[in-house]
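Novice: Turn this into a model:
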Amino acid sequence: MTLPISLARRLRFHQLELVVALVQSGNLGVAAQQLHVTRAALSKSLRELESALGIQLFDRSSAGMTPTAAGLKMARHARLLLGELDSLRRDMADTSPAQTPLLRLGMPPFIAAHVAPDVLARLRAAAPPPGPLVQVHEGRLHALIELLLRGDIDAVLALYAPQAVAGLDLGMLSLQACGEVQMVVVAARGLRLPGRSPYDWEVLSALPWILPHTGTHLRTSVDQMFKAGGQAAPVPTIESNSLEANVQFAVAGLGLAVVPAQAAGAEIAAGRLRIVRTRQPLPTTQLVLMVRKVATLYVDVLDRLAEALRSSR
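Specialist: Coordinates of the predicted model:
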């Protein structure tokens, strides 16, 4: 199906807002209240939008409004377009030549603690004084990608495994590999392990494990490690998404943990942790920079951020 060529002249930004509001609420009345319009006006705008697109975006029933597959797709694009419109508003609010560039950068806590300091120092050194204002937004990868797609942040720097984001539509994003992060299995010096190093996953599966929550990229990677070794994934005794906390849980002898080598480096050097060497290698974990494809056209600081990442490898 081909959309009409005249769509750009017929589409209105308030129609994009109504699609997003309806997908979020599933209720015409609630969406009308959020947008400060009447139900009748909202219903009319939706009919006009569906007519312009030639596509039904919502199924109507007594239970409410349920987005069709096309409606969900439209909502993703609507969030992106509204986000870019907000970026335009911010850019036009101050057209002074001396305006400080703003970079809203999302990252998980591990990246903020162990990767970002060097990258941001290089970014600051390469930029004209006083350098960009960097707003750091910490969170989990799924949540950060949603913020990025909505235009609430400009870029995401994170550890990435494709299988961990399989349910997300990344077609509007540009993903740039920035290097690899070495993952290691660690255990307290006093934790007794059966047999000798290097260990098979079969031996390690019977031991207590400290793992991230199900659905996170690292948990998915760990589960795949065991499956590749012909074993069922272990049931953890502790679930935690904090890599720093998992290092300390391992130091306390509560189980084995899979963490980036950088996160455990100080405890390994102090002799409180040891690396548990495995016969089958751990999967590679990529460090990636994610940006909206359209944002690269006007967020100039993104080019300097990418260069700072390349020089920090």
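
Novice: tell me which element residue 179 is part of?
Specialist: strand 173-181 (DSSP states H and E).

Novice: ranges for the helices of the stretch 101-250 of the chain?
Specialist: Using DSSP state H, counting those that start in this stretch, the helices of the stretch 101-250 of the chain run over residues 109-114, 116-126, 141-150, 201-204, 217-228, 243-251.

Novice: can you tell which of the ones you listed is closest to residue 22?
Specialist: Of all these, helix 141-150 sits nearest to residue 22, with 15.8 Å by Cβ to Cβ. C-beta coordinates here come from the backbone N, C-alpha and C atoms, glycine included.

Novice: okay, that closest one in PDB with CA atoms only?
Specialist: Extracted in PDB, the C-alpha atoms of helix 141-150 (Å, rounded to 0.1, in the frame of the first residue of the first chain):
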ATOM      1  CA  LEU A 141      18.600   0.000  27.800                       C
ATOM      2  CA  HIS A 142      15.000  -0.500  26.900                       C
ATOM      3  CA  ALA A 143      13.900   2.600  28.800                       C
ATOM      4  CA  LEU A 144      16.700   4.700  27.200                       C
ATOM      5  CA  ILE A 145      15.800   3.600  23.700                       C
ATOM      6  CA  GLU A 146      12.200   4.600  24.300                       C
ATOM      7  CA  LEU A 147      13.400   8.100  25.400                       C
ATOM      8  CA  LEU A 148      15.600   8.200  22.300                       C
ATOM      9  CA  LEU A 149      12.800   7.300  20.000                       C
ATOM     10  CA  ARG A 150      10.600  10.000  21.600                       C
END
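
Novice: what's the offset of that helix from the middle of its chain?
Specialist: On the basis of Cα atoms, centre = their mean, to the nearest Å, helix 141-150 sits 5 Å off its chain's mean C-alpha point.

Novice: Low-confidence ranges, the protein, go.
Specialist: Along the chain, segments meeting pLDDT under 70 span 1-10, 84, 87-99, 161-169, 295-299, 313.

Novice: helices or strands up against the helix or strand encompassing residue 257?
Specialist: Assigned by DSSP H and E, residue 257 belongs to strand 256-260. The contact analysis (3 or more Cβ pairs under 8 Å, 6 or more residues apart in numbering; DSSP states H and E) places strand 256-260 against strand 183-188, strand 209-211, helix 217-228, helix 243-251.

Novice: change it to 7 Å
Specialist: strand 183-188, strand 209-211, helix 243-251 (3 or more Cβ pairs under 7 Å, 6 or more residues apart in numbering; DSSP states H and E).

Novice: In JSON lines: the ones you listed, plus distance to residue 100.
Specialist: Conversion of the helices and strands packed on strand 256-260 to JSON lines gives the following (distance: least, Cβ to Cβ, whole Å):
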{"stretch": "strand 183-188", "distance to residue 100": "37"}
{"stretch": "strand 209-211", "distance to residue 100": "42"}
{"stretch": "helix 243-251", "distance to residue 100": "31"}
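
Novice: so of the ones you listed, which one's packed in deepest?
Specialist: Highest mean neighbour count of the helices and strands packed on strand 256-260: strand 209-211, a mean of 23 (counted as mean count of other Cβ atoms under 10 Å).

Novice: got the contact list for the spatially most distant residue from the centre of the chain?
Specialist: Ranked by distance from the centre of the chain (Cα atoms, centre = their mean), the top residue is residue 195, with 39.0 Å. Taking Cβ atoms under 7 Å, 6 or more residues apart in numbering, we find residue 195 in contact with residue 203.

Novice: Could you measure from it over to residue 148?
Specialist: 45 Å (Cβ to Cβ, to the nearest Å).

Novice: can you check residue 45 too?
Specialist: If you go by Cβ to Cβ, the gap between residue 45 and residue 148 works out to 28 Å.

Novice: Neighbour count: these two, which is higher?
Specialist: Neighbours per residue (other Cβ atoms under 10 Å) separate residue 45 from residue 148, with residue 148 holding more: 25 against 18.

Novice: how deep is residue 300 tucked in, by neighbour count?
Specialist: Applying other Cβ under 10 Å, I find that residue 300 has 12 neighbouring residues.

Novice: repeat for residue 157
Specialist: Neighbours around residue 157, by other Cβ under 10 Å: 25.

Novice: Over to residue 106?
Specialist: 27.

Novice: same deal with the one 4 residues further on?
Specialist: Here the count is done by other Cβ under 10 Å, and residue 110 has 22 residues near it.

Novice: Next up, the contacts around it.
Specialist: 243, 260, 263.

Novice: hmm, 10 Å instead?
Specialist: Counting by Cβ atoms under 10 Å, 6 or more residues apart in numbering, residue 110 makes contact with 116, 138, 158-159, 181, 218, 241-244, 259-260, 262-263.
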